[in-house]
Each structure stands twice: as structure tokens, then as C-alpha cells.
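Asks: need a structure here:
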Amino acid sequence: MSILLLWLIKGYWLLIPPKKRNKCLFKKSCSRYVFDITKKDGLLKGLKALSCRFKHCRPGYYIINDKEGKLLISARNEVFKSTEINQRILKND
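Replies: From the prediction side, this is the model:
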């Protein structure tokens, strides 16, 4: 079954040009992240990664400065370090 999820993601990459895709909050795009997790760890972990990214990669986040750098607080109040955040988001802050 993991093959189906991998093919769906590849189809998404082929059918939707990069400029038309939603811009991800994270350094590794949501589709790439889910693809890599699914390929490495299987369908269940891939679906869990998809669910996590779907919940957190939404408007309503905010960026705060911390002594260790910038942190992204998602709309669901999950904290992500600057190493995980897309530079485009950090520059717009």
C-alpha cells in the first residue's frame, strides 16, 4: 500500500507545476517529507507524517525570537526550530 501513496505524491509532482503548489512552511516540502518517510519507514509512518504536516502547515502561525534563534509556533501551538523552517518564512518575519 505504501506504493500507492508514493505514486500519488509522484503524480502530484508531475501534474502540478512547482509555481502552482502551495508554499510550505518547512524547509523540506510537505510532499517531499511524506515521500521520504513513506519510502523509508512504510505506509503507516508516512500517513502519520502526512497527518502531522497537514495539521501544522497552515496559516495562523507566528514566529518568535528565542535565545537560540527563531521559532515557528504553528496554528495548533506546536513549536518548530529555525532549522526546520523554510527560509522564505524567516525572511518575511
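
Asks: OK, contacts around A75?
Replies: Neighbour list for A75: 56, 58-61 [criterion: CB atoms under 8 Å, 6 or more residues apart in numbering]. Backbone N, C-alpha and C define where each C-beta goes, glycine included.

Asks: do the same with S29
Replies: Applying CB under 8 Å, 6+ apart, the residues near S29 are R21.

Asks: what's it sitting at in phi/psi?
Replies: phi -60, psi 160 (degrees, to the nearest 10).

Asks: also K70?
Replies: Dihedral angles (degrees, to the nearest 10) for K70: phi -90, psi 150.

Asks: pretty sure it contacts Y61?
Replies: No: at 11.7 Å, K70 and Y61 do not qualify as touching, with contact defined as CB atoms under 8 Å.

Asks: find the nearest non-adjacent residue to the residue positioned nearest the centre of the chain, please.
Replies: In the chain, the residue lying closest to the centroid (CA atoms, centre = their mean) is C30, at 3.2 Å. Among residues not flanking C30 along the chain, R53 sits closest, at 4.2 Å (CB to CB, 6 or more residues apart in numbering).
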